[in-house]
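Engineer: Based on what follows, work out the 3D shape:
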Amino acid sequence: MITPHRNGPVEETAWPGPRPSLCSLLKWMASDTYHWLRDGYGQHAPPPGEETFTDVHIRHLRQAMGSRLKIIQFTKRQETLNGADWELWIHNQTHGIGLRIQAKKQDRRGQYGFWYWPKGSPALQCDMLIHHALATQCVPVYLLYNYRQPWPIDQGWASVLCGHTAPDRSHYGCSLLSAFHVQASLFRFVIGFDVHDNYRQISHQRLRGLSAPWNQVLCDLQTSKEKRRSRGVAVLTDIQKRAETLERSGLAALGHVDTEGFPTPSHVRRSRHGRDVPDLRTRLGETPTEQPSEVALKPLPERVLRLLEADPARPPEQEIPTRAVVLYDVTDAGELAAQPGQA
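Structural biologist: Residues are numbered from 1 along each chain as shown. Next comes the predicted model:
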C-alpha cells in the first residue's frame, strides 16, 4: 500500500485501495500532487521538479494497475530529442486514444514556463510537442501540476467531464490542457513582442482555466448499463470523446489568432532573427468540426501494437522517442465499480 503525504485537518482523498479504477487513481495522484506542491511552497522543503512528479506518477500507475497496465520506458537521452515527457495510450487491444504529454509545474508566481526553447532544439518546446504528437497520432496536451485554488470550468466543456471529485477539491492538482491553447497564446506573445513596446503577456491563469482535472477527462468508470458492453467499448468511447473535445477547444482558439501567415510561433521567432526555420507538422488552417453524435474508435497505430507485444526490458527502437509509453487496457473495465466516496 502507498501511504499518501498529508498535513492538516482537512478531509482529504484516500488511497483508492486494491484494483482501483483509473479515475480514482488519477484523482488520488492529483490530490497528492496538489498537497505536495502546497507544502513545498509553504513551510516545508521546496517541491520536487516535473521529472520527479512524472516518475512518481508512473510508479503509482505501475503498482496499482497490475496486468491492466504496461509501461515501456526509454532513456533520458531519447527524451531530449523531443518535446514530450511521456505518452499515454488508453486502449482495448485493437483501438485506442493516445496522449502526448508534457508536464509543467506551477511556480510560486502561478506561472508554468510555457515559453521554453530547449537547448539545441530547432523550435519551442510547445511546437515540438505538437509536431511529435501529430507524427505519433496522439493528442498533444500539457499536464499541469497545480497548487492554487480550483477554477470554474466553462459549462460547455464541463458537461462532457465526469463528476468524480476530491472532498477538498485537490483533484485539480493535475489538469490537462490542449497544447493548441498554449500555441495560440505563444503566437500572441511572440508577434506582440516584436511589434509593440507594451507586448502581450502569456496569461498563465487563463490557460490554467482552460484545463480540466485529468481524472475527469480520463475517467473509466461506467454506469451499470454500460457495463454490459463488451471489451471496454463504452469506456474507451467516452474517454476518446473527452480527449477530442479538449483538442477541439484548443484548435478553435488557434483558429482565432492572427498568425501573420506563420505556421508556428517558432517560425516567427527564427525568421525575425534571420535563421532557418524548422520543418514542423502543424494543424494551422484546419477548422474544428462540431462534436460528432457518434464517436468512431481509432485503430491503434502499428507501433503501439508492437509495443503491446514487446518485452518491456527490450523495447523496439522508436522513430520518435519519448521518456515512457504507458498502455492502459480497458477491456476489463466493466468489472470496476465506484467505491464509497469516489464521487
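
Engineer: wait, what's in contact with G173?
Structural biologist: 29-35, 37, 145-147 (C-beta atoms under 8 Å, 6 or more residues apart in numbering). Placement of C-beta: from N, CA and C, glycine included.

Engineer: out of these, who's nearest R59?
Structural biologist: Using C-beta to C-beta, M29 is the member of these that lies nearest R59, at 10.1 Å.

Engineer: How many residues are close by the closest one?
Structural biologist: Neighbourhood size, M29 [other C-beta atoms under 10 Å]: 25.

Engineer: Next secondary structure element downstream of the strand or helix carrying it?
Structural biologist: In the assignment (DSSP states H and E), M29 maps to helix 22-40. Proceeding N to C from helix 22-40, the next assigned helix or strand is helix 50-65, under DSSP H and E.

Engineer: thinking again about what came up before, the inter-axis angle of the helix holding M29 versus helix 50-65?
Structural biologist: Angle of helix 22-40 versus helix 50-65, following axes from the mean of the first three to the mean of the last three C-alpha atoms, to 10 degrees, is 140 degrees.

Engineer: and helix 22-40, how far from the chain's centre?
Structural biologist: Between the centre of helix 22-40 and the centre of its chain there are 15 Å (C-alpha atoms, centre = their mean, to the nearest Å).

Engineer: next one: stretch 170-177
Structural biologist: Centroid separation for stretch 170-177 versus its chain: 10 Å, with C-alpha atoms, centre = their mean.

Engineer: What strands flank the helix or strand harbouring I71, and is each parallel or antiparallel?
Structural biologist: When elements are defined using DSSP H and E, I71 is found to belong to strand 69-73. Note on strand 69-73: by DSSP bridges, its sheet partners are strand 324-329 (antiparallel).

Engineer: what about dumping the CA coordinates of the strand it pairs with to CSV?
Structural biologist: Output for strand 324-329, consisting of C-alpha atoms alone and laid out as CSV, is shown next (Å, rounded to 0.1, in the frame of the first residue of the first chain):
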residue,chain,number,x,y,z
ALA,A,324,7.9,6.4,-21.4
VAL,A,325,4.8,4.9,-23.1
VAL,A,326,2.1,3.9,-20.7
LEU,A,327,-0.5,1.5,-22.1
TYR,A,328,-3.8,1.1,-20.1
ASP,A,329,-6.1,-1.7,-21.1
